[in-house]
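Trainee: what would the 3D arrangement of this be:
(chains A, B and C)
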Amino acid sequence: MGILPFVAELALIDHHCHGVLRVDSTRSEFESLLLEADGVSALGGSFFDSALGFAVRRWCAPLLDLPRHASAEAYLERRNSLHITEVSRTFLMASGIHTFLVDGGFQPSRLLSALELSSLAGAVSRDIVRLEHLAEELRPSVSAADFVPSVRARLASGGAVGAKSVAAYRVGLELPGSRPLDSEVEAAVRAWSGERLADPVLIAWLAWEALDAGLPLQFHVGYGDSDIDLHRCDPSLLTPFLRATSGLGVPVLLLHNYPFHRQAGYLAQVFPHVFCDLGLATHGLGHQASRVFAEALEIVPYGKFLFSTDAFGLPELYYLGALLFRRALSDFLSDGLRRDAFLEEDAHRIARLIASENAARVYKL
Amino acid sequence: MGILPFVAELALIDHHCHGVLRVDSTRSEFESLLLEADGVSALGGSFFDSALGFAVRRWCAPLLDLPRHASAEAYLERRNSLHITEVSRTFLMASGIHTFLVDGGFQPSRLLSALELSSLAGAVSRDIVRLEHLAEELRPSVSAADFVPSVRARLASGGAVGAKSVAAYRVGLELPGSRPLDSEVEAAVRAWSGERLADPVLIAWLAWEALDAGLPLQFHVGYGDSDIDLHRCDPSLLTPFLRATSGLGVPVLLLHNYPFHRQAGYLAQVFPHVFCDLGLATHGLGHQASRVFAEALEIVPYGKFLFSTDAFGLPELYYLGALLFRRALSDFLSDGLRRDAFLEEDAHRIARLIASENAARVYKL
Amino acid sequence: MGILPFVAELALIDHHCHGVLRVDSTRSEFESLLLEADGVSALGGSFFDSALGFAVRRWCAPLLDLPRHASAEAYLERRNSLHITEVSRTFLMASGIHTFLVDGGFQPSRLLSALELSSLAGAVSRDIVRLEHLAEELRPSVSAADFVPSVRARLASGGAVGAKSVAAYRVGLELPGSRPLDSEVEAAVRAWSGERLADPVLIAWLAWEALDAGLPLQFHVGYGDSDIDLHRCDPSLLTPFLRATSGLGVPVLLLHNYPFHRQAGYLAQVFPHVFCDLGLATHGLGHQASRVFAEALEIVPYGKFLFSTDAFGLPELYYLGALLFRRALSDFLSDGLRRDAFLEEDAHRIARLIASENAARVYKL
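Mentor: Take a look at the predicted model:
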């Protein structure tokens, strides 16, 4: 169950992640950031008693010069005795990620910027524009009449290599199969009150605009925090949208997908512009990641699957996301080689495709 | 593939089960009780040719002094040559369950009571009140005006350690995200005709009342008999209800969940009051239970997962539910230890949490 | 990981397949026929880089006297240097299928007929009538008034051993739980314009008519090409239809089912007339087929599961469908024997049921 040497040495492009926290975390903050819950429950016990919690103790402790499986207390004490910048640098450097595509639009004030992140990691970063955040930023400062051209101008400005939609969190994934009419969009802008964008017309329109601007479009799919209704985050709900946008030739990327990773693989197989990953679910499953990773690769062509961490806040998550991805990919390829399913040179090619080449092609890096 | 010694010796709390039949079963009755079908189909062959059927022959036969894998005929002949009380005692004692939480509200006349059950097993039993059964019992004897206070009085009477909803069987799990208004409840009581309760307002109201009474609330989720529409038993449909009840601090327990056990794990992770199990699906999968058990534990914190058998009618099902749970838990922990995912002391703690400590905490046993 | 000898020697009934192409294929045509996409995407790379693509190189190359894992280029060059009839005969003969039940209603002009197919294979073929194709063929030549009796006459003519519905592709699987009224059917016939049948009333009516004619009724379920909305192909959506038709005593067969194979197993367990298979997903998963095959067998009684290939166009798919089925069945039985779940004689019986005996019973072959 070691990692195949050629997988251990792969340089990775993390095509979807966020920034790391600027400051130390209390135990309660740390546990909250580990999982998708709002916080630890007295009813349910510590989140260190979870697959990911054990992975922190097993894999992260040694990088802070602690023994494997150090206790949660010892781990956090040691972590907080170091400067957070050192902790972050350590885990980022150990991840082997050479390029980060960063969605910086969620809680930006708490986090290092993309540039700070890649600088710490000795790596490169590129921006992914979070569509709903962009709209929410623009809305107070422009008139309803200027909103549409302002969004277009921002998307056309070239600052980002891709766009991200969190439709899943706001309205679910059942986007319409046709472009919203300009009149509908304008009416929705005028009707929008409050800070948070949750209008289905505007959210769909933003997705179309991103594709029009030629930006590869990421969708959060599947499990996330308690804001989502999981059954409304089944990627097959995107089918009408995917069918309608298939001819545009701009990639659409389905993120995470758990527990709908098989559905995502189906969509990536049948639609020429659709790609998928396992994102968050890779480190979220800890020592069980390999089985689900293999499931995610059942029917997706290997030219359509990418690596990402979806790491947010804790630098440990970049490291664990990369490490558990390598272990899962290695297990998948080792199993295939043991079954004589493909040649070793094929295994090398599959590994390179998934680790970075698919991302480089999709995002034109 | 043996069972780890510390798992073999775990004393279990079965947080969801029913009673055992008072009488012997014919072959046809026995086969019907094995699976969730109404009966055996001439088109489809014997239910002994199923995962659970083979588990009976493999594991139960030796407890009746037959060789492993005795034929179905030999098994039933031997079983019926013994007194049903002896058969029941044998399997109940062998299960290692020390506390049974019994939903006695389904076909009570056919079954031993909770007290009779635990007495046979040399164990303790506590009652789970089946909400729809309670309402159906009360309705004929109270006026519409007295129905609401009567239900409240019964739930407040302290006779039960938890409540159970079979919303899945009656209306599906898409319960509303807010408490039904008193006026709606009264109108629904007046409109209720017939014995069977299938009114969505009343079923949702019962669930809220149970939580108000501080009773941990079990939901049947996922597969069951042919009365259900499986896609309406996806636990994510409960999300609005779970979001609305999260602040009450009273546990909600998602039972069985197969094939939505990953969805259940997600809900148990993100909502502080949500717990889950694999129940019925453990023995229902026979020799394949370990894989699904591991899936069920992918993202749920280990403080949120419980043991149950959902055994009904056949005493074999308590024994097989407990045995196959032990095997699956042992396989899960052995795999984790082999991968160096956690220490042996961690494995012991996870085992104790799932076997009984989580249930003791949730139900205040 | 070899195949158990008694599984290797099983004679198979392929209860759902199509014809093979009459002519050679270009590389682009070949890749398109491998997967469910309309074609290869420049964005996504060759479909030879997929589980099925590697299975062709691994398993099919040696039958054309090439080394295992021959390159895609070498494989196609060699294949096109032979007469397509020889290629087809080679793979069909090697499949070990002795009876083909052929749905010839999709793109019939491109394909060998059922008779030509079985003649090439030295086997027997029987027809499955594709209901929507039958309706589409009849509609132009009969008046609206004659449509209903004409369909009935064709179904009663005895030419087919079963019927097939592609409701999944046309309207989804949420068929009504009661027979459409004659007046609704007649109105729908009159309202039907265009060639393609996509009327929910007519599609449901055809399904009822097939059962009335005593024809075992196959449903496409789960993944297929990009025409489907996958979430509308969940077999549990058929529950009202299955409940309503349960008493007719005519088999209903759920095809493929991936990724809803667990839902299909549930339906086959609880409804006496329901059966299922893994069809297309067997060869579609290549070296990963065994895990999903085991999942599909979790709760389905072994008298309710069948073998099929769903092969279309490429003769390789019959061979791979049969071969990967044998490997998956062998892995399933070997695992059960290793765990002492059943006796070797039981394993033999399970194998015969799934390979051919269930199909022979269902279709009265």
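Trainee: show me the contacts for the closest residue to A:Ser50 other than its chain neighbours.
Mentor: Computed as CB to CB, 6 or more residues apart in numbering or on different chains, the closest residue to A:Ser50 that is not its neighbour in sequence is B:Pro301, at 4.3 Å. Yep, even glycine has a C-beta here, placed from its N, CA and C like the rest. Listed by CB atoms under 8 Å, 6 or more residues apart in numbering or on different chains, the contact partners of B:Pro301 are A:Leu35, A:Gly44, A:Gly45, A:Ser46, A:Phe47, A:Asp49, A:Ser50, A:Gly53, B:Ala268, B:Gln269.
Trainee: can you rerun that using 10 Å?
Mentor: By CB atoms under 10 Å, 6 or more residues apart in numbering or on different chains, B:Pro301 lies in contact with A:31, A:34-35, A:37, A:40-41, A:44-53, B:265, B:268-269, B:275, B:353, B:358.
Trainee: same question for A:Asp182.
Mentor: By CB under 10 Å, 6+ apart, the residues touching A:Asp182 are A:Val148, A:Trp205.
Trainee: which pLDDT value belongs to it?
Mentor: Reading off the confidence values, A:Asp182 has pLDDT 89.
Trainee: circling back to that earlier point, tell me which of the contacts of B:Pro301 fall in helices.
Mentor: Of the contacts of B:Pro301, the ones assigned to helices by DSSP state H are A:Glu31, A:Leu34, A:Ala51, A:Leu52, A:Gly53, B:Gly265, B:Ala268, B:Gln269, B:Asn358.
Trainee: which strand or helix spans A:Ile228?
Mentor: Using DSSP states H and E, A:Ile228 maps to neither a helix nor a strand.
Trainee: gap between it and A:Leu202?
Mentor: Distance, A:Ile228 to A:Leu202, using CB to CB, to the nearest Å: 19 Å.
Trainee: count of neighbours near A:Pro180?
Mentor: 22 (other CB atoms under 10 Å in any protein chain shown).
Trainee: one more: A:Ala191?
Mentor: Residues lying near A:Ala191 (other CB under 10 Å) number 11.
Trainee: what does A:Glu344 give?
Mentor: By other CB under 10 Å, 11 other residues sit near A:Glu344.
Trainee: what values do phi and psi take at the residue nearest to A:Ser50?
Mentor: Here is the backbone geometry of B:Pro301 (degrees, to the nearest 10): phi -60, psi 150.
Trainee: with the one 10 residues further on instead?
Mentor: Recorded main-chain torsions at B:Ala311 are phi -60, psi 140, according to degrees, to the nearest 10.
Trainee: do you know the pLDDT at it?
Mentor: Per-residue confidence at B:Ala311 stands at 96 (pLDDT).
Trainee: tell me the contacts of the nearest residue to it once chain neighbours are set aside?
Mentor: Leaving aside its sequence neighbours, B:Ala311 sits nearest to B:Leu317 (CB to CB, 6+ apart; 3.7 Å). Neighbour list for B:Leu317: B:17-18, B:20, B:33-34, B:52, B:55-56, B:60, B:91, B:95, B:280, B:282-284, B:309-311 [criterion: CB under 10 Å, 6+ apart].
Trainee: A:Val270 now?
Mentor: A:239, A:242-243, A:246, A:299, C:35-38, C:223-228, C:230.
Trainee: at 6 Å what do you get?
Mentor: Counting by CB atoms under 6 Å, 6 or more residues apart in numbering or on different chains, A:Val270 makes contact with C:Glu36, C:Ala37, C:Asp225, C:Ser226.
Trainee: with distance to chain A, neighbour count and pLDDT as new columns, can these be given to me in CSV?
Mentor: Shown next, in CSV, are the contacts of A:Val270 (distance: CB to the nearest CB, whole Å; neighbours: other CB atoms under 10 Å in any protein chain shown; pLDDT from 0 to 100):
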residue, distance to chain A, neighbour count, pLDDT
C:Glu36, 5, 18, 86
C:Ala37, 5, 21, 86
C:Asp225, 6, 12, 91
C:Ser226, 4, 19, 92
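Trainee: check which helix or strand covers the spatially most central residue of chain A.
Mentor: Residue closest to the average C-alpha location in chain A (CA atoms, centre = their mean): A:Asp310, at 3.3 Å. Applying DSSP H and E as the criterion places A:Asp310 outside every helix and strand.
Trainee: so it sits against A:Gly279, correct?
Mentor: Yes: in this structure A:Asp310 lies within contact range of A:Gly279 using CB atoms under 6 Å: 4.3 Å.
Trainee: which residue does chain A bring closest to chain B?
Mentor: Relative to chain B, the nearest point of chain A is A:Gly45 (2.8 Å; CB to the nearest CB).
Trainee: just checking, that residue touches B:Lys304?
Mentor: No: with contact defined as CB under 6 Å, A:Gly45 does not reach B:Lys304; the gap is 7.6 Å.
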